[in-house]
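J.: Next comes the sequence, and after it the predicted model I'd like to discuss.
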Amino acid sequence: MRKLLSIILLLYGYSVLGQADTTQYRTPGRKNAPENYNRPYVILISADGFRFDYARKYNATHLLKLAEGGVTAKGMIPSYPSNTFPNHYTLVTGMYPSTHGLIDNSFYDPHRDETYNMGNKAMVADSSWYGGLPLWGLAEKNGLVSASLFWVSSESRVAGLPPSYYYKYHSEFSNDRKIGIIKEWLQLPEDIRPHLITLYFPETDSQGHYYGPDSKETEAAVHQVDQAVGKLVEEVSALGLTNVNYVFVSDHGMIRCDVDNPIKIPELVNNRKFVVINSFSLVRIHALNPDQVKSTYRQLKKERSKDYKVYLTRRFPKRLHFRTNEHDRLGDILLVPRAPKVFAANPPSKRKYPGAHGYDPKKVPDMQATFMAWGPAFKTGLTIGTFENVHVYPLVAKLLGLPVEHAIDGKEKVLNKTLKN
């Protein structure tokens, strides 16, 4: 039962065991520097699994109208693998997963001899797993108060700089309650009012997994998020703040996968000589004896099925930025299924989940995510081409007037064209 629960947690996002902690946490002593009182506000919104075409496919009227008054991208390319945790963390660090270290929803670290799992609340809150400097840390470092109504790692202390206000993830709040919390934050006195706020909606991802991307349930989830964003903008506008900018993103897309014919993981690596991490759209194999890597790779190549490819990690396609990692978390050998195939869970789940992601977004276009932005800083009526999600970080930093003095993979120039000035 524990194995099955772990699989469900791995596939479908945050879940909470036991009673939810709905406490708002406040980092003591945080205030805006007086010179920052007049800085703009940025509300960074993520709708998990909101595929690049969902807004038009399901006529998300509020989002489409807001995007018409701002900027929309034809698609945003997630980092590989196109899964929830690595891409949410990429969005707020400007780094590829292999750079920031959160390389998947679950992964093995041979130096720690531990397996990170996004369903383990203690691990999620442990900042030692995360590299980079998240946007809220960058803000706080520069005397700008931040707040998070959920985001990957926001409840940890990466670089010793958690948001001034944050919640541990749970699913108890309605969307109306989330909107109410953001309004409360934006009505605080200006010395303690957050200028960067992150907000997370899980609905489209969960329904996409449970019922598939073309289902009426996913359509309803899109409308649920759309209505919440529309109401948020309306109620924040009524507060009279003159410089509020919104960036609406998602972490990845979704496809209907072949759940009726899953691929079995090769028996060759199903023993104690290997650590095998199955992300269903990617299998990473760590050989506990490095001398076995080449021979195992050659044998897997001989036995391979037409349904998947076998790679030595160090020879993985360079464009995916998934060859090397300082923590050696990527594994030695990668098994990559041809979409819409997925690897089978072990033990198998009693229910079939038809929606999947994690694939190469350049080979599987439905992995592409959404990007929309509006507010006084953005041009109006502008549509841009696809771009990689690492570039969102320097955009938000620029909106807030925050200097990025550390190395990141994102480039400010990529999204400069979206701004008025």
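T.: Thanks, I have it. Residues are numbered from 1 along each chain as shown.

J.: would you list every one of the helices in the stretch 301-421 of the chain?
T.: Along the stretch 301-421 of the chain, counting by DSSP state H, counting those that start in this stretch, helices occupy 392-400, 412-415.

J.: Now stretch 119-139: buried residues?
T.: Counting neighbours by 16 or more other CB atoms under 10 Å, one finds that the buried residues in stretch 119-139 are 119-121, 123-126, 129-139. All C-beta spots, glycine's among them, are computed from the backbone N, C-alpha and C.

J.: and what of stretch 394-405?
T.: By neighbour count, with 16+ other CB under 10 Å as the criterion, the buried positions of stretch 394-405 are Pro394, Leu395, Val396, Ala397, Lys398, Leu399, Leu400, Leu402.

J.: got a list of what the first one touches?
T.: What that stands for is Pro394. Residues in contact with Pro394, defined by CB atoms under 8 Å, 6 or more residues apart in numbering, are Gly94, Val404, Ile408, Gly410, Lys411, Glu412, Val414, Leu415.

J.: The fifth one is in contact with His391, isn't it?
T.: If I follow you right, that is Lys411. Yes: using CB atoms under 8 Å, Lys411 is in contact with His391, at 5.9 Å.

J.: So these two - more neighbours on which side?
T.: His391 (22 against 16; other CB atoms under 10 Å).

J.: gap between the more buried one and Tyr211?
T.: Per CB to CB, to the nearest Å, His391 is found 32 Å from Tyr211.

J.: So which residues of this structure form helices?
T.: Taking DSSP state H as the criterion, the chain contains helices spanning 2-12, 54-57, 61-68, 84-91, 97-100, 121-124, 135-141, 175-186, 203-211, 216-237, 293-303, 392-400, 412-415.

J.: Next, format those as CSV and append distance to Asp258 and mean pLDDT.
T.: Conversion of these to CSV gives the following (distance: least, CB to CB, whole Å; pLDDT from 0 to 100):
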stretch, distance to Asp258, mean pLDDT
helix 2-12, 15, 37
helix 54-57, 22, 98
helix 61-68, 31, 98
helix 84-91, 21, 98
helix 97-100, 26, 98
helix 121-124, 31, 96
helix 135-141, 37, 98
helix 175-186, 33, 98
helix 203-211, 15, 98
helix 216-237, 18, 98
helix 293-303, 20, 95
helix 392-400, 32, 98
helix 412-415, 35, 98
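
J.: just these: most buried one?
T.: Sort the helices of the chain by mean neighbour count, taking mean count of other CB atoms under 10 Å, and helix 84-91 sits at the top with a mean of 27.

J.: ok, the residue nearest to Phe343 when sequence neighbours are not counted - how many residues close by?
T.: Counting by CB to CB, 6 or more residues apart in numbering, Phe343 lies nearest to Ile263, which is 4.9 Å off, once chain neighbours are set aside. Applying other CB under 10 Å, we find 18 residues neighbouring Ile263.

J.: Tell me which of the helices of the stretch 301-421 of the chain lies nearest to Glu235.
T.: Comparing the helices of the stretch 301-421 of the chain against Glu235 with CB to CB, the closest turns out to be helix 392-400 (21.1 Å).

J.: So Asn117 is in contact with Met123, correct?
T.: Yes: counting by CB under 8 Å, Asn117 touches Met123, with 6.4 Å between them.

J.: hmm, back to that, of all the helices of the stretch 301-421 of the chain, which one is nearest Phe50?
T.: Using CB to CB as the measure, helix 392-400 is the one of these that comes nearest Phe50, at 14.4 Å.
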